[in-house]
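Asks: pasting the structure only:
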């Protein structure tokens with residue numbers, strides 16, 4: 001009424017906790033929930049049908065649990081004074097909590113332990129750790145039933161059984177990744193066989209990814225000027241993103257696992273974030289630890305953002321949300337990861353199926369949902385037709401259609417020809433001059449004739465075609481998919497009866513050989529219309545065949561021009577550039593920064609002694625430094641060579657040493673000159689010919 005546009009789902013997800021769906025027909029929107037959730041009484045929130053989540057975190061001497069809203073906290077295990085529960089995780093299938101304890105105490109044994117999630121306060125030691133060990137992150141691989149822990153003391157990621165046995169190395173984090181810093185945080189995505197770990201301090205803080213099973217394939221996941229000290233990580237499977245806290249930048253951030261820009265969720269400039277040490281996300285919220293407080297922020301609706309509990313804690317470390325959907329089965333993860341379902345995804349054992357909300361029906365593709373139109377007032381209130389007495393010989397005219405009972409579909413605009421593909425209604429007879437006798441238009445229902453209840457013309461004939469008008473007549477609900485008998489009076493004594501059916505279900509020519517289209521076939525009022533996906537266009541010779549865009553074009557109908565540089569491949573679909581090795585940037589316009597090379601500029605150069613690294617293949621250019629050669633420019637020149645890449649021959653004689661950088665000769669005792677080719681002058685001897693001979697009576701002095 002005010003003329004203002006309904007913003008619906010576009011503003012803060014419509015206030016919906018999980019799913020917001022826009023209804024075009026109803027000019028409104030409504031909230032919905034994922035599988036295993038039901039809509040709350042406020043029609044906005046989603047109530048989990050399985051169990052209630054709680055937070056698990058380490059504190060000074062105590063492992064604690066607390067409700068997501070900050071109520072009902074109690075101890076799960078106690079380690080006593082001078083201990084820290086530094087790293088924690090859980091296995092929901094066995095109701096166990098795992099932790100690293102005593103990591104910063106010289107008087108307590110460093111260990112890996114387990115206890116029950118219910119909180120018995122006692123624990124079992126499953127592995128005693130070396131004195132130099134500092135386990136800062138522990139993760140449960142719930143699919144492969146393993147414990148994974150990051151040991152900062154040795155900069156190593158290890159794997160063991162739940163009982164601590166069968167310890168093996170997953171990844172030794174070399175100095176090439178540390179840049180003078182140390183490993184700080186870790187999380188897992190066992191479905192994608194990925195682990196993520198962070199490096200703090202040093203010259204280049206980064207977040208890396210690697211293969212979970214063997215530690216190979218280490219690559220930079222995130223690096224930016226704003227990244228200072230990423231110290232704890234967690235994966236949001238629902239949003240398919242990685243979240244982390246930054247201890248120095250005082251921030252909570254997120255980035256899609258598929259790549260892209262990071263998002264700053266909370267920052268100390270405007271929010272209460274100070275020296276955060278733990279992060280965990282679930283449903284619409286993210287929780288983080290800041291010294292002695294637990295904070296909650298509903299990032300989907302930008303609500304709350306204040307601490308939920310404080311005062312009773314002393315030194316909080318490592319945070320986890322305990323709930324079965326934080327360790328989802330394969331079917332539920334398929335729902336979260338694929339995101340193909342328009343409204344509801346129902347998990348199966350290893351896959352999923354799609355469904356729709358009430359008032360919607362599942363489309364033929366099994367993924368999208370089509371809104372069921374609201375009934376009109378006329379349709380909702382029209383009384384059922386009264387069966388009249390069927391006149392005799394209603395269909396005994398001079399002729400009638402003999403090709404069976406053809407079916408035609410109702411056109412979408414008024415005064416339009418009924419269309420169909422089964423039989424010719426009038427068998428090509430010209431019916432110009434024939435008129436419809438309204439009182440003799442009938443339809444059958446279970447063998448009984450009913451007169452069509454209309455107040456004006458619906459059908460009219462001209463030429464050899466039949467047309468329809470008054471499309472919104474309430475009678476359509478009555479006659480659809482029933483045989484209509486129409487008694488026609490033509491010029492003179494000619495009379496005949498025609499029979500046909502009408503339906504609102506438009507015949508789909510795309511069902512037969514895809515309508516002849518090579519790619520997408522659209523049912524255009526019963527006619528097949530071919531189109532191409534983004535990245536392709538129809539050929540000039542054949543409007544049904546699609547071909548890939550030329551190398552410099554992309555998008556719908558190849559209408560956009562690529563902007564990629566340096567030999568980069570342009571995506572025919574999006575125009576995104578796939579850089580050749582050695583280049584980066586949106587358009588691949590920049591060479592790798594010094595120290596990096598290769599595809600995506602993710603490989604670390606190994607050149608030594610300040611040698612230049614080729615940004616394409618990582619080869620070291622020893623010509624830019626003096627005195628070294630070799631693959632990584634770390635091999636000193638041989639004794640007879642010097643200079644750039646050791647290409648210059650030394651000129652030194654009489655056993656003199658040649659400086660590998662400058663070629664200068666260091667003469668042995670008794671020799672002098674630029675190349676040490678001259679003996680000491682008469683009366684001189686020794687190193688540098690600076691010693692004076694003491695021989696008398698004309699005796700010769702040895703120059704050495």
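Replies: Received it, and whenever you're ready, just let me know what you need. What you are looking at is a predicted structure, and each value in this text was computed from that prediction instead of being measured.
Asks: give the contact list for residue 249.
Replies: Counting by C-beta atoms under 8 Å, 6 or more residues apart in numbering, residue 249 touches 226-229, 267. (Each C-beta comes from the backbone N, C-alpha and C, glycine too.)
Asks: now do it, the pLDDT please.
Replies: For residue 249, the pLDDT comes out at 89.
Asks: contact partners of stretch 605-623?
Replies: Contacts with stretch 605-623, where a contact means C-beta under 8 Å, 6+ apart, come from 176, 580-583, 591-592, 594-598, 601, 603, 624-625, 628-634, 644-646.
Asks: show the average pLDDT along that stretch.
Replies: In the prediction, stretch 605-623 has an average pLDDT of 90.
Asks: could you pull out the helices in the stretch 251-400 of the chain for me?
Replies: Secondary structure of the stretch 251-400 of the chain (DSSP state H, counting those that start in this stretch): helices located at 330-338, 377-381.
Asks: wait, which of the contacts of residue 249 is closest to residue 85?
Replies: residue 229 (21.2 Å; C-beta to C-beta).
Asks: can you confirm residue 115 is in a strand?
Replies: Yes: counting by DSSP: H, G, I helix; E, B strand; the rest coil, residue 115 falls inside a strand.
Asks: how close does it sit to residue 97?
Replies: 5 Å (C-beta to C-beta, to the nearest Å).
Asks: next: residue 551.
Replies: Distance from residue 551 to residue 97, by C-beta to C-beta: 56 Å.
Asks: likewise for residue 626?
Replies: Distance, residue 626 to residue 97, by C-beta to C-beta: 59 Å.
Asks: these two: which has the busier surroundings?
Replies: residue 97 (26 against 19; other C-beta atoms under 10 Å).
Asks: before we move on, which element is the more buried one in?
Replies: Counting by DSSP states H and E, the element that carries residue 97 is strand 96-101.
Asks: helices and strands around that strand, which ones?
Replies: Here strand 96-101 touches strand 74-78, strand 85-91, strand 111-116, strand 135-141, going by 3 or more C-beta pairs under 8 Å, 6 or more residues apart in numbering; DSSP states H and E.
Asks: next, the angle strand 111-116 makes with that strand.
Replies: Here strand 96-101 runs at an angle of 150 degrees relative to strand 111-116 (axes from the mean of the first three to the mean of the last three C-alpha atoms, to 10 degrees).
Asks: for strand 96-101, what is the average pLDDT?
Replies: Averaging pLDDT along strand 96-101 gives 90.
Asks: what's the answer for stretch 677-686, then?
Replies: 88.
Asks: do the same with stretch 343-352
Replies: Here stretch 343-352 scores 66 as its mean pLDDT.
Asks: check stretch 229-242 too.
Replies: Mean predicted confidence for stretch 229-242 is 89.
Asks: shared neighbours of residue 115 and residue 97, anything?
Replies: In contact with both residue 115 and residue 97: 63, 76-77, using C-beta under 8 Å, 6+ apart.
Asks: which ones among the contacts of stretch 605-623 map onto strands?
Replies: Judged by DSSP state E, the subset of the contacts of stretch 605-623 located in strands is 583, 591, 596-597, 603, 628-629.
Asks: filter the residues you listed to the buried ones?
Replies: Listed as buried from the ones in strands among the contacts of stretch 605-623 are 583, 591, 596-597, 603, 628-629; burial here means 16 or more other C-beta atoms under 10 Å.
Asks: out of the residues you listed, who's nearest residue 129?
Replies: Looking across those and measuring by C-beta to C-beta, the closest to residue 129 is residue 603, at 33.2 Å.
Asks: pull the contacting residues for the residue nearest to that closest one when sequence neighbours are not counted.
Replies: Spatial nearest neighbour of residue 603, chain neighbours left out: residue 597 (5.2 Å); criterion: C-beta to C-beta, 6 or more residues apart in numbering. Applying C-beta under 8 Å, 6+ apart to residue 597 gives the contacts 581-582, 603, 605, 613-618.
Asks: in a markdown table: these, plus distance to residue 250.
Replies: Formatted as a markdown table, the contacts of residue 597 follow (distance: C-beta to C-beta, whole Å):
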| residue | distance to residue 250 |
| --- | --- |
| 581 | 37 |
| 582 | 36 |
| 603 | 32 |
| 605 | 32 |
| 613 | 34 |
| 614 | 39 |
| 615 | 34 |
| 616 | 39 |
| 617 | 40 |
| 618 | 36 |
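Asks: buried subset of those residues as a PyMOL selection?
Replies: Buried members of the contacts of residue 597, identified by 16+ other C-beta under 10 Å, are gathered into one PyMOL selection as follows:
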select buried, resi 581+582+603+605+613+614+615+616+618
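Asks: filter the contacts of residue 597 down to the ones in strands?
Replies: Those of the contacts of residue 597 lying in strands (DSSP E): 603, 613.
Asks: closest one to residue 16 out of the contacts of residue 597, please.
Replies: For residue 16, the nearest member of the contacts of residue 597 is residue 603. The distance, counting by C-beta to C-beta, is 43.4 Å.
Asks: was I right about that closest one contacting residue 596?
Replies: Yes: using C-beta atoms under 8 Å, residue 603 is in contact with residue 596, at 6.6 Å.
Asks: pick the most deeply packed of the helices and strands packed on strand 96-101.
Replies: Using mean count of other C-beta atoms under 10 Å, the stretch among the helices and strands packed on strand 96-101 with the largest mean neighbour count is strand 85-91, at a mean of 25.
Asks: give me the sheet partners of it and which way each runs.
Replies: Strand partners for strand 85-91, identified by DSSP bridges, are recorded as strand 96-101 (antiparallel).
Asks: ok and the strand it pairs with relative to strand 135-141, angle-wise?
Replies: Computed by the same axes, to 10 degrees, the angle between strand 96-101 and strand 135-141 is 160 degrees.
Asks: compute the inter-axis angle for strand 96-101 and strand 74-78.
Replies: Angle, strand 96-101 to strand 74-78, by the same axes, to 10 degrees: 60 degrees.
Asks: what sits against the closest residue to residue 341 other than its chain neighbours?
Replies: Using C-beta to C-beta, 6+ apart and skipping the chain neighbours, the partner closest in space to residue 341 is residue 354 (3.8 Å). Each residue near residue 354 by C-beta under 8 Å, 6+ apart is listed here: 340-346, 362, 366-367.
Asks: recalculate using a threshold of 10 Å.
Replies: For residue 354, the contacting residues are 335, 338, 340-346, 362-363, 365-369, by C-beta atoms under 10 Å, 6 or more residues apart in numbering.
Asks: of these - the most surrounded one?
Replies: If you rank the contacts of residue 354 by neighbour count (other C-beta under 10 Å), residue 335 sits at the top with 25 neighbours.
Asks: quick one on the thing from earlier: can you flag the buried ones in the contacts of residue 249?
Replies: 227-229.
Asks: now the angle from the strand or helix carrying residue 126 to strand 111-116?
Replies: Using DSSP H and E, residue 126 sits within strand 124-128. Taking the same axes, to 10 degrees, one finds strand 124-128 and strand 111-116 inclined to each other by 160 degrees.
Asks: and strand 124-128, which strands flank it?
Replies: The pairing partners recorded for strand 124-128 under DSSP bridges are strand 111-116 (antiparallel).
Asks: ranges for the strands of the stretch 201-350 of the chain?
Replies: For the stretch 201-350 of the chain, applying DSSP state E, counting those that start in this stretch gives strands covering 206-211, 219-222, 230-236, 241-246, 251-256, 263-267, 276-282, 285-290, 293-298, 303-310, 317-322, 344-347.
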